[in-house]
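In: Task: produce atomic coordinates for the following.
(one chain, ligands or ions: 2)
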Amino acid sequence: MKIRLEDISEEPTRKSFAATAEAVNDRLAEGRNEAEEFRLSEPLAVDVTYYRAGDDLYFSGTLATKLQASCARCLATYALPLDAPFQFVLVPEGSGPSELEPDRELEADDLALSFFSGPEIDLEPLCSEQAILALPTRALCREDCKGLCPSCGVDKNTAACECTGAAPDPRWAALRAWKPRASS
Ligand SMILES: [Zn+2]
Ligand SMILES: [Zn+2]
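Out: Ligands and ions are numbered 1, 2, ... in the order given. Modelled structure (predicted):
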């Protein structure tokens, strides 16, 4: 969704829109998601409120979608709902942090700060980026997932195996979690 700068006033405006799952997934694929740990299975619903303070533009709201994630330990695919608040500030390109007043440097630490140029703001990539930032650092089907046996590959959440005698080398588990997974 694009907003013309002239339509952003000091009076907060609230809007809702959706970014397609494909658009966000393409963005995910460009970033850290090489192993396809996360994929949106529904559009990204954005509820955003924005206003201007001088030349700076403030955005905040909520993001909601559903993802398919594949567990970094056991490789199981599971549904991951995302429902997260976000906020960011856009300042005109050319106004570097050094030009910010001291109290605004503090703000910059708390709020994601980026730059804009041109006559309009495209919210879709900005909000997609916020959604990606809101994802967990690792996909885990559950906090205490036991993962796969590094020797025989059995899913230790659902079955026991005979390999317990030999202490598994943790490096194998790391390798297993690492290797690119075929999308299922
Ligand atoms: Zn798991
Ligand atoms: Zn085993």
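
In: Enumerate the residues of this protein near ligand 1.
Out: Contacts of the chain with ligand 1, taken as C-beta under 5 Å from the ion, map to 71, 73-74, 141, 145. Any C-beta I mention is one placed from the backbone N, CA and C, and that applies to glycine too.

In: Grab the two from those residues that are most spread out in space.
Out: Within these, Arg73 and Cys141 form the most distant pair, 7.6 Å apart (C-beta to C-beta).

In: Now the residue nearest to Glu129 when sequence neighbours are not counted: which helix or strand?
Out: Leaving out its chain neighbours, the residue that sits closest to Glu129 by C-beta to C-beta, 6 or more residues apart in numbering is Arg27, at 7.0 Å. Using DSSP states H and E, Arg27 sits within helix 21-30.

In: which secondary structure elements does that helix contact?
Out: Under the contact definition 3 or more C-beta pairs under 8 Å, 6 or more residues apart in numbering; DSSP states H and E, helix 21-30 sits against strand 38-40, helix 123-133.

In: Return the distance of the longest one from the chain's centre.
Out: On the basis of C-alpha atoms, centre = their mean, to the nearest Å, the separation between the geometric centre of helix 123-133 and that of its chain is 7 Å.

In: which residues sit in contact with the most centrally placed residue in the chain?
Out: Taking C-alpha atoms, centre = their mean, the centroid of the chain lies closest to Ile132, which sits 1.5 Å from it. Ile132 is in contact with 24, 27-28, 31, counting by C-beta atoms under 8 Å, 6 or more residues apart in numbering.

In: Pull up the gap between it and Glu37, please.
Out: 11 Å (C-beta to C-beta, to the nearest Å).

In: now do Gly61
Out: The gap separating Gly61 from Glu37 is 25 Å, by C-beta to C-beta.
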